[in-house]
Structure formats: structure tokens, C-alpha cells
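Visitor: One predicted model, sequence on top.
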Amino acid sequence: MKVSRKELFKSRFLKHYPRLCCIAYGYVSDRADSEDIVQELFVSVWDKNLDDMPENEFAAYITTAVRNRCISFLRKRTCDIVPIDGRQVSAETMAADEVHCSDEPTMEERLEAALATLPTRCRDIFMMAKLHGMKYREIASSLNLSEKTVENQMTKALKLLRQYAAANSFVVTVLVTIILSIILNRE
């Protein structure tokens, strides 16, 4: 018996939604925004008929897509200006007044660049552990992995982030080191 598209979509939504919300929350640090990002991703997947991919490809696609959507969300948010009256006005709409976003990367963008050097699974595990405060046991359970695999991925993430910091300019190195020390000392 062939499963209908609607049933397949629903099962994939239920399977991946919590994990994707965790990933998104790691980037945007707001539950409502992370849920919106993931829900909009699934709407896009439905609209573009991308839900018929094999499971491996689908999981990889939506993981990358949610990360990219979070980066776009953060870029847009850092380019928003909030005037004294409380209305949000984007820099684009204020261009006539010569208000522009800086071309200099923000702290979030620099951190994102450091995290982007990590392989997808490694980054997801790192963010679940350090940004969400999840225990290795909880991560292993939610991702169907062994605790040892989670531990190995964390070791790999820290090694790669240290290498990134060492290979980049002094300012970026200091910034990433400070942020990583804050994240690592949350436990």
C-alpha cells in the first residue's frame, strides 16, 4: 500500500520538527522565532514538492535549509533599526536617510562563521549541548546515537573551533574565544 503524500509529509514533520526547532533555537535564541522558521521551512517544502525525497536526502536538506534560514533571519534582524517610537523599520526603507547596515560582520555572524566550519551533525550536537544545555545522554537519545558518538562529536567540534580561531585574525580569535568560553562555562 502506497503512503499518500499528505501522510508522508505529516510523518516527516512529526519526526523532524522537534530536532529542527532545537537547531533553529541554537541560532536565534527565541522559541517562537525558531518555531516560525521551521514551520515556514515545512510550508516551503510542501509548496515545492520537496517532501518526496528519500529520507536521507530529506533529512540533510531540511537540516541545511533550517540553518540557512536562521542565518538569513539573523542577518535581517541585525539590519533592522528600531526608532524611538518603537516601530521597526528596515535599513532598506531608511536608505533615503542614509541609514545602512555595516558591512563589518556582527558578533553573531562571526560566531556563525566559526560554527559553519563544523560538519552538520557535529554542529547540531555542539549547539544542543552548549546552547541548549542538553546532556550527552539527552542528545544521544533525541538523535538515536550512542553517548560515545556524542562525546566524540563534541571533541571534534571543540578541536575544529580552536583551529578556526587560530587561523583567523586576532580580533576574530579573541571574539570567538570569549564566546566559546562563555558557552563552555555554562555547564
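Guide: Looks like it arrived, so ask away.
Visitor: Got the domain ranges for this structure?
Guide: Domain assignment for the chain by automatic domain parsing gives 1-102, 104-187.
Visitor: Kindly reformat those as CSV containing mean pLDDT.
Guide: CSV is the format used below for the domains of the chain (pLDDT from 0 to 100):
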stretch, mean pLDDT
domain 1-102, 77
domain 104-187, 75
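Visitor: could those be laid out in TSV, adding mean neighbour count?
Guide: Where C-beta positions appear, they are placed from N, C-alpha and C, glycine not excepted. Shown next, in TSV, are the domains of the chain (neighbours: other C-beta atoms under 10 Å):
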stretch	mean neighbour count
domain 1-102	14
domain 104-187	16
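Visitor: From the chain's centroid, how far away is the helix or strand where residue 129 lies?
Guide: Taking DSSP states H and E as the criterion, residue 129 maps to helix 120-130. Taking the mean of its C-alpha atoms, helix 120-130 sits 9 Å from the chain's own mean (C-alpha atoms, centre = their mean, to the nearest Å).
Visitor: Mind listing residues that contact the helix or strand just after it?
Guide: Using DSSP H and E, the helix or strand that follows helix 120-130 in sequence is helix 136-143. For helix 136-143, the surrounding residues in contact (C-beta atoms under 8 Å, 6 or more residues apart in numbering) are 18-19, 22, 121, 124-125, 128-129, 134, 145-147, 149-151, 154.
Visitor: Tell me which two of the residues you listed sit farthest apart.
Guide: Farthest pair in the contacts of helix 136-143 (C-beta to C-beta) is 18 and 151. Separation: 22.1 Å.
Visitor: Check the separation of the first and last residues in stretch 43-63.
Guide: Taking C-alpha to C-alpha, to the nearest Å, stretch 43-63 runs 15 Å from one end to the other.
Visitor: Can you tell me, leaving aside adjacent residues, what's nearest to residue 18?
Guide: Once flanking residues are discounted, residue 18 sits nearest to residue 142: 7.4 Å by C-beta to C-beta, 6 or more residues apart in numbering.
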